[in-house]
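Enquirer: return a 3D structure for these sequence lines:
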Amino acid sequence: MNKIIHRDWQRKMMIQDNKIDVYKQQVGEVGASLVSSGMKVGLGSGSTAAWVVRALGRRWQEENLRFIGVPTSVETAQLAESFGIKLSTLGETPELDLDIDGADEVTYQDFHLIKGLGGALLREKIVRYASKQFIVVVDERKMVDRLGDHTPVPVEVAPFGWQVTAKHLEKIGASIEIRMKKGSSDFFITDGQNMILDCQFGQISDPCGLSKEINAIVGVMENGLFTYCTDEVLIAGQKGIQHLKK
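Expert: Numbers count the residues shown, from 1 in each chain. Below you'll find the predicted structure:
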């Protein structure tokens, strides 16, 4: 009986995962449809943003869509290059028309975000602030009333003296877990050669204030709270695609 129950649970989980993958693909394709030839576009990181890049890659090859992409991570750059998409850097292309990226949590009100579970939060934030418009693509599980509902705040820190930085984060209420490489005892290292401390603060009533507190700590490079910076949110779920604007 226990084996039957276990198999049934596995089957349900597989069905749920497949649904989420479909949602991510759907919202990624809608996000990619917002890009026009001649645009300069920030290319986000993470599983949902990857579907945006794949859809853009298909349009690049099949529709002759031509734009300049600025990737937020090495992984995104490699995916975009596999389709032949022309890439640039912020040094060469300092102002972007549009940035499309995913998120780990999004509030219904104000569109505040937690980002960085994929480890690219610093570059993602830099690219966002180089862009005239920022569009977030998510599945419906990511929508919350308050940040911190089920996701820690990733904080990118310098490896030198990270223990001191962690102590100061604890003083402002963080419960910290050091990000490790999957299946390894080594620290996770970002593309910028920094560490990530995943900080649980519980539900966050003042994300702007908390973000300032975190960034005031010496050794912090950036944190995963993105506040008052999102123009539109595309949400995929059981009701299809919802397009929310400020």
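Enquirer: domains in the chain, by residue range?
Expert: 2-143+227-245, 153-221 (automatic domain parsing).
Enquirer: ok, what's across the strand from the closest residue to G69 other than its chain neighbours?
Expert: Nearest non-adjacent residue to G69, counting by CB to CB, 6 or more residues apart in numbering: L43, 4.7 Å away. Placement of C-beta: from N, CA and C, glycine included. Per DSSP bridges, the residues bridged to L43 are P71, I100.
Enquirer: spit out the contact partners of L43.
Expert: When contacts are counted by CB atoms under 8 Å, 6 or more residues apart in numbering, L43 touches 49, 52-53, 56, 69-72, 76, 80, 100.
Enquirer: can you do 6 Å?
Expert: Going by CB atoms under 6 Å, 6 or more residues apart in numbering, L43 touches 53, 69, 71, 76, 80.
Enquirer: show me these that map onto helices.
Expert: When the contacts of L43 are checked against helices (DSSP state H), the matches are 53, 76, 80.
Enquirer: hang on, the earlier thing: turn the domains of the chain into TSV, including mean pLDDT.
Expert: TSV is the format used below for the domains of the chain (pLDDT from 0 to 100):
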stretch	mean pLDDT
domain 2-143+227-245	92
domain 153-221	97
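Enquirer: which of those domains sits most buried?
Expert: Burial of the domains of the chain is given as mean neighbour count (mean count of other CB atoms under 10 Å); domain 2-143+227-245 ranks first at a mean of 18.
Enquirer: now R123, nearest residue through space, not along the chain?
Expert: T72 (4.6 Å).
Enquirer: report the contact partners of the one you found.
Expert: 44-45, 120, 123-124, 127.
Enquirer: now with 10 Å?
Expert: Each residue near T72 by CB atoms under 10 Å, 6 or more residues apart in numbering is listed here: 42-46, 49, 99, 101, 115, 118, 120-128, 191.
Enquirer: pretty sure G192 is in a helix, no?
Expert: No: assignment of G192 by DSSP: H, G, I helix; E, B strand; the rest coil gives coil, placing it outside any helix.
Enquirer: surely it meets A120?
Expert: Yes: the pair G192 and A120 passes the contact test of CB atoms under 10 Å, sitting 9.2 Å apart.
Enquirer: between those two, what contacts are shared?
Expert: Both G192 and A120 are contacted by E156, under the criterion CB under 10 Å, 6+ apart.
Enquirer: can you tell me how far S36 is from N18?
Expert: Counting by CB to CB, to the nearest Å, the gap from S36 to N18 is 32 Å.
Enquirer: ok, R179 next?
Expert: 28 Å.
Enquirer: hmm, E105 is touching G148, no?
Expert: Yes: using CB under 10 Å, E105 is in contact with G148, at 7.6 Å.
Enquirer: mind listing the shared neighbours of those two?
Expert: 114, 204, 225.
Enquirer: contacting residues around the first one?
Expert: Same thing as I114. 103-107, 121, 142, 144, 147-154, 204, 207, 223-226.
Enquirer: what of the second one?
Expert: With contacts taken as CB under 10 Å, 6+ apart, I204 has the following neighbours: 105, 107, 112, 114, 146-149, 153, 173, 210-211, 225.
Enquirer: any chance of TSV for those, columns secondary structure?
Expert: Listed next are the contacts of I204 as TSV, based on three-state DSSP:
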residue	secondary structure
E105	strand
T107	strand
H112	coil
I114	strand
R146	coil
L147	coil
G148	coil
D149	coil
V153	strand
G173	coil
L210	helix
S211	helix
L225	strand
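Enquirer: what's the closest of those to D186?
Expert: Proximity of the contacts of I204 to D186 (CB to CB) peaks at V153, which lies at 22.4 Å.
Enquirer: now do that closest one against Q238, distance only.
Expert: For V153, the distance to Q238 equals 28 Å [CB to CB].
Enquirer: ok, K171 next?
Expert: 42 Å.
Enquirer: hang on, the earlier thing: narrow the contacts of T72 to those in helices?
Expert: 49, 121-128.
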